[in-house]
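Asker: Quick one, structure for this:
(one chain, ligands or ions: 1)
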Amino acid sequence: MGNALIIAEHKDGKLRSVSLPAFAFAKDYAGQRGGEFHILVMGHNLGSVVEEASCYGAAKVHVADNEGLGPYLAESHAAVAAKAARDSGAEVVAATATAMAKDLLPRISAKLGAGMASDILGFNDQGYFQRPVWAGSAVVDTEITTPFKVVTVRGTEFEPAPKVASGGDKADVTVDLDFGSLKKRFLNFEEIKSERPELTEAAVIVSGGRGTKGEEGFKLLDRLADIFTAAIGATRAAVDAGWVPNDLQVGQTGKMVAPDLYFAIGISGAIQHLAGMKSSKVIVAINKDEEAPIFNVADYGLVADLFKAVPELVEEIKKVKG
Ligand SMILES: Cc1cc2nc3c(=O)[nH]c(=O)nc-3n(C[C@H](O)[C@H](O)[C@H](O)COP(=O)(O)OP(=O)(O)OC[C@H]3O[C@@H](n4cnc5c(N)ncnc54)[C@H](O)[C@@H]3O)c2cc1C
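Answerer: Model (predicted):
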């Protein structure tokens, strides 16, 4: 039976919306393979997360609630997830390709002796998974031949699953791990607090590149971002130059995003940057070079000096918004 088990992420007692595309994948996959869509939630004091998780139409929500699982550690979570995969009759174990999933899923696949496909874009009738290669220039079909299959799902390629009526079974996962014997210990987590929304969850992103010429240029982008309560993004060139922190990098080696609106300002449109943002619903590019490749993917393009165009745009939008 082709059950699909999704590892759900949560934070501060709430399900993270990054998991919703993986739920959508699981529904499709299980539906096509005659199986069920299941969710696994791991952590401590999970009451509200479990309630929320049970609103997405899963046949069963598996709950591993244990003090030892409070802090995330790949070692402990992988052991528990592998057990849940066996108990749930899963054919595929998946999660959205976040930083956590990239850390956790390879370990789960090792524990299950499963083949793994990372960052999949979809799957076909034969059950082959599509994966991007060469920074998204080509897509390959990957067949996983092991009984268990482990995949991470590119979040921008699946519409987030909507809430349906709550319901579905819940099942406790017995956690019989000796946490003291783990080879790693969680010490502390230092979160970078930001007033702005998280990049992967923002509806609007204002991204800057080398053309911003430095921190001052990014301050201009802040003014535009303030209007939309947008997240700030950046190219690797801007990050490498030290103008913005590296958790703002969008692209092949940064974050994959697909907001409703993406501003690409002073960004050339290198293939590695496009790999992370080209699924955005509307792309607006401002670049002084009319040949810049970013215009090939932009819905709206403005050939202009950003230092003149962005302040003007801010004023005009403010007038329209009143
Ligand atoms: C393995 C690998 C992985 C990579 N991963 C990533 C990744 O994840 N994300 C990423 O972004 N890059 C990544 N890169 C780097 C990528 O190849 C590019 O070098 C980078 O995206 C370029 O950034 P940029 O567009 O800011 O700079 P540039 O390519 O230098 O472009 C700057 C643009 O600004 C414009 N400009 C300059 N002044 C102005 C002005 N006053 N007004 C308006 N426009 C102006 C220019 O016309 C130009 O088009 C990766 C590269 C490799 C090899």
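
Asker: so what's residue 271 closest to, chain neighbours aside?
Answerer: Of all residues not flanking residue 271 in the chain, residue 135 sits nearest, at 4.8 Å (CB to CB, 6 or more residues apart in numbering). The way it works is simple: take the backbone N, C-alpha and C, and place the C-beta from them, glycine included.

Asker: Does the one you found belong to a helix, a strand or coil?
Answerer: coil (DSSP: H, G, I helix; E, B strand; the rest coil).

Asker: Tell me how far the residue of the stretch 51-200 of the chain found nearest the ligand lies from residue 248.
Answerer: Distances between the stretch 51-200 of the chain and the ligand by CB to the nearest ligand atom are smallest at residue 135, namely 7.1 Å. According to CB to CB, to the nearest Å, residue 135 stands 19 Å off from residue 248.

Asker: Compare neighbour counts for the two and give me the winner.
Answerer: residue 248 (23 against 16; other CB atoms under 10 Å).

Asker: Tell me how far the residue of the stretch 51-200 of the chain closest to the ligand lies from residue 153.
Answerer: 19 Å.

Asker: same check, this time on residue 184
Answerer: For residue 184, the distance to residue 153 - CB to CB - is 26 Å.

Asker: out of those two, which sits in the busier spot?
Answerer: Neighbours were counted for residue 184 and for residue 153 using other CB under 10 Å; residue 153 has more, 30 against 9.

Asker: So residue 39 is in contact with residue 4, correct?
Answerer: No: counting by CB atoms under 8 Å, residue 39 does not reach residue 4; the two are 9.7 Å apart.

Asker: and the longest helix along the chain, what does it pack onto?
Answerer: If you go by DSSP state H, the chain has its longest helix at helix 306-321. Helices and strands touching helix 306-321, by 3 or more CB pairs under 8 Å, 6 or more residues apart in numbering; DSSP states H and E, are helix 215-228, strand 282-287.

Asker: near the ligand at all, it?
Answerer: Yes: counting by CB under 6 Å from any ligand atom, the ligand has neighbours in helix 306-321: 306-307.

Asker: which residues are contacting that helix?
Answerer: Contacts with helix 306-321, where a contact means CB atoms under 8 Å, 6 or more residues apart in numbering, come from 211-212, 217, 220-221, 223-224, 227, 265-266, 286-288, 302.

Asker: again, 6 Å this time
Answerer: Helix 306-321 has contacts (CB atoms under 6 Å, 6 or more residues apart in numbering) with 211, 220, 223-224, 227, 265-266, 286, 302.

Asker: just stretch 284-296 next, same as before
Answerer: 263-265, 267-269, 298, 300-306, 309.

Asker: For ChimeraX, what selects the buried ones among the residues you listed?
Answerer: Entered in ChimeraX, the line below selects the buried ones among these, by 16 or more other CB atoms under 10 Å:
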select :263,264,265,267,268,269,298,301,302,306,309
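
Asker: Could you single out the nearest of the contacts of stretch 284-296 to residue 116?
Answerer: Nearest to residue 116 out of the contacts of stretch 284-296 is residue 269 (CB to CB; 31.0 Å).

Asker: What parts of the stretch 151-300 of the chain come near the ligand?
Answerer: 209-211, 235-238, 249-254, 266-268, 270, 272-273, 276, 286-289, 292.

Asker: which residues touch the residue of the stretch 51-200 of the chain closest to the ligand?
Answerer: 252, 271-272, 275.

Asker: Just the buried subset of these, please.
Answerer: 252, 275.

Asker: List the buried residues for stretch 211-225?
Answerer: Those would be 211-213, 217-218, 220-221, 224-225, for stretch 211-225 by 16+ other CB under 10 Å.

Asker: ok, so of the residues you listed, who is nearest the ligand?
Answerer: residue 211 (2.6 Å).

Asker: hang on, isn't that closest one packed against residue 266?
Answerer: Yes: in this structure, residue 211 is within contact of residue 266 by CB atoms under 6 Å, at 2.2 Å.

Asker: and residue 244, how many neighbours?
Answerer: 21.

Asker: residue ranges for the helices of this structure, please.
Answerer: 20-33, 47-53, 74-87, 99-112, 215-228, 236-240, 271-277, 294-297, 306-321.

Asker: hmm, back to that, and the residues of the stretch 151-300 of the chain next to the ligand, which are buried?
Answerer: Looks like these have 209-211, 235-238, 249-252, 254, 266-268, 270, 273, 276, 286-287, 292 buried, using 16+ other CB under 10 Å.

Asker: Would you confirm that residue 141 contacts residue 128?
Answerer: Yes: between residue 141 and residue 128 there is a contact under CB under 6 Å: 4.1 Å.
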